[in-house]
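[1] Sequence first, then the predicted structure, then my questions.
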Amino acid sequence: MSLMPYWLRHLRNVAYRDPVARILEDPFAVFAKDPFFRDPVKFIRQISAPVEKEQHGIEGIYSDSEIKVDGKKIEVHLDVQNFTPEQIEVKTVGNEIMIEGKKEIKREDGWTKSHFERRFLLPEGFPPERVECHLDKGKLKLVAFRAEPLPERKIAIQDKSADDKA
């Protein structure tokens, strides 16, 4: 009987435990642990998420179709076609808008329950008292208006070329 299979198995086990031998054996295994190479789209979204948050000032990850922002108002659109107006509750707590929908349907074989909850934090300058809510054909539309409209102001142009000639 030969000891060769035993020594080969032992060397293989040492190679699995030794990180340098692992890299030499499979150099691409290092990339499998890197979050960029595992899922580059997810990695880029995580990096760019703070930039997206600064654009409209509403915290969280929401699609562009849900939130529309201009200088005077913020609009939030939600699809709630499976709920009736009586099953939806919209309220403000501090500077946060809370939308909650609950429904229960009793059937002969049991219950079916549906529930959703969405929260939006209003940025500065948008008081919760100026929030309106509209429901039209299964689409809930929340509109938050700015406290005071931004005043239009004229900016004077300073002529630097006149100062250089003097």
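    Right, received. Where do you want to start?
[2] switch to C-alpha atoms for all contacts and neighbour counts from now on
    OK.
[3] pLDDT weak spots in this structure?
    Applying pLDDT under 70 to the chain flags residues 1-31, 49-65, 149-150, 162-166.
[4] Domain map for it?
    4-33, 58-145 (automatic domain parsing).
[5] What's opposite F116 in the beta bridge?
    Taking DSSP bridges as the rule, F116 bridges to G101.
[6] can you tell me how far it sits from V76?
    Applying Cα to Cα, to the nearest Å, the value for F116 to V76 is 16 Å.
[7] Please apply the same query to K102.
    Taken as Cα to Cα, the span from K102 to V76 is 20 Å.
[8] Looking at those two now, which is surrounded by more residues?
    Of the pair K102 and V76, V76 is the one with more neighbours under other Cα atoms under 10 Å, namely 18 against 15.
[9] before we move on, could you check phi and psi at the nearest residue to the more buried one once chain neighbours are set aside?
    The shortest distance from V76 to any non-neighbouring residue, by Cα to Cα, 6 or more residues apart in numbering, is to I67 (4.6 Å). For I67, the backbone dihedrals are phi -120, psi 130 (criterion: degrees, to the nearest 10).
[10] Provide a list of residues in contact with I67.
    Listed by Cα atoms under 8 Å, 6 or more residues apart in numbering, the contact set of I67 reads I74, E75, V76, H77.
[11] Just the ones of those residues in strands?
    I74, E75, V76, H77 (DSSP state E).
[12] Cool, thanks, signing off.
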